[in-house]
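>>> below: sequence and its predicted model.
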There are 2 protein chains.
Amino acid sequence: MSNAKALPPLESAGTRGAVPCCPPLTERPMTAEEAGSAARMFKALGDPVRLRLFSAVASHEGGEACVCDISDVGVSQPTVSHHLKKLKEAGLLTSERRGTWVYYRVEPSVLAAMGSLLGPPSVA
Amino acid sequence: MSNAKALPPLESAGTRGAVPCCPPLTERPMTAEEAGSAARMFKALGDPVRLRLFSAVASHEGGEACVCDISDVGVSQPTVSHHLKKLKEAGLLTSERRGTWVYYRVEPSVLAAMGSLLGPPSVA
């Protein structure tokens, strides 16, 4: 983690989201730039339906899911699509069309980066 | 974590927030109840100023900070107070008045719970 402080947020391939670059929240106060990048991701998960959709993709076999697999969250299909788009824009999901269906996948590096933000300090 | 799935959200002492009860997002799809509880916390961190304030408290010596220690985030004092209140309402911070100042502290169990939500599955 020693170089992480100097790094700008990494652009997530194929989205306009970004992977947070930052050390654990408990290690030092975040800069404005770091907070802007990370807050976008937290905000994307700050809606119960989006969080359920994200969890449904993240926990699906093989780490990816078709829309047809994950629409059981009590809202309409257009609303599901809207929320999936928001998760993509935040850099949390990527998508790929194969034939009729669009498949969604969680970017593992994003999950790891968010987890480490909330984890214990890297120096004790 | 084996019992965690059956547990309802724990009320956080002294706030109307709640500690998420839930297994990692990657383990199984979240229920509506779990998502409601966890989304409230993510939403509270989904604002850059709130995230910086939270990080300032979390990284402060001794794990607590006075408002006087953490107001250097480029917004007015009333705005700082407003955001700290939101963080308290979400169950992420607790506060205690001592003399002139109010001291804020991160509930460690909350941080751990959020970190584990974003962590790897508890079963490989």
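Yep, that arrived. Numbers count the residues shown, from 1 in each chain, chains lettered A, B, ... in the order given.
>>> any low-confidence regions in chain A?
Within chain A, the stretches with pLDDT under 70 are A:1-21, A:120-124.
>>> quick one: the helices in it, in order.
A:32-44, A:48-58, A:77-89, A:108-117 (DSSP state H).
>>> check the ones you listed for me and report the most buried one.
The highest mean neighbour count among the helices of chain A, using mean count of other Cβ atoms under 10 Å in any protein chain shown, belongs to helix A:48-58: a mean of 26. All C-beta atoms are positioned from the backbone trio N, CA, C, and that covers glycine.
>>> just how off-centre is it within its chain?
Remark: helix A:48-58 is offset 10 Å from the chain centroid, using Cα atoms, centre = their mean, to the nearest Å.
>>> hmm, back to that, quick check: which of the helices of chain A is nearest to B:Ala90?
helix A:32-44 (11.1 Å; Cβ to Cβ).
>>> the closest one to helix B:48-58, inter-axis angle?
Helix A:32-44 runs at 110 degrees relative to helix B:48-58, counting by axes from the mean of the first three to the mean of the last three Cα atoms, to 10 degrees.
>>> distance from the chain centre to helix A:32-44, please.
The answer for helix A:32-44 is 11 Å, by Cα atoms, centre = their mean.
>>> other SSEs contacting it?
strand A:18-19, helix A:77-89, helix A:108-117, helix B:32-44, helix B:48-58 (3 or more Cβ pairs under 8 Å, 6 or more residues apart in numbering or on different chains; DSSP states H and E).
>>> check contacts around the residue nearest the centre of chain A.
Centroid-nearest residue in chain A: A:Leu92, 2.3 Å away (criterion: Cα atoms, centre = their mean). For A:Leu92, the contact set (Cβ atoms under 8 Å, 6 or more residues apart in numbering or on different chains) comprises A:17, A:41, A:44-45, A:54, A:106-107, A:110.
>>> let's see that with 10 Å instead.
Shown in contact with A:Leu92 (Cβ atoms under 10 Å, 6 or more residues apart in numbering or on different chains): A:12, A:15, A:17, A:19, A:40-41, A:44-45, A:50, A:54, A:57-58, A:84, A:86, A:104, A:106-107, A:110-111, A:114.
>>> rewinding a little: would you list the helices and strands packed on helix A:32-44 in JSON lines and tack on distance to B:Cys68?
What follows is the helices and strands packed on helix A:32-44, written out as JSON lines (distance: least, Cβ to Cβ, whole Å):
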{"stretch": "strand A:18-19", "distance to B:Cys68": "32"}
{"stretch": "helix A:77-89", "distance to B:Cys68": "37"}
{"stretch": "helix A:108-117", "distance to B:Cys68": "26"}
{"stretch": "helix B:32-44", "distance to B:Cys68": "22"}
{"stretch": "helix B:48-58", "distance to B:Cys68": "11"}
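>>> for A:Glu34, which of the ones you listed is the nearest?
Where the helices and strands packed on helix A:32-44 are weighed against each other on Cβ to Cβ, the nearest is helix B:48-58, at 8.4 Å.
>>> and the closest one, what other elements does it pack with?
helix A:32-44, helix B:32-44, strand B:64-66, helix B:77-89, strand B:93-98, strand B:101-106, helix B:108-117 (3 or more Cβ pairs under 10 Å, 6 or more residues apart in numbering or on different chains; DSSP states H and E).
>>> switch those over to TSV; also include distance to A:Val80.
Putting the helices and strands packed on helix B:48-58 into TSV (distance: least, Cβ to Cβ, whole Å) gives the following:
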stretch	distance to A:Val80
helix A:32-44	15
helix B:32-44	14
strand B:64-66	41
helix B:77-89	28
strand B:93-98	33
strand B:101-106	34
helix B:108-117	21
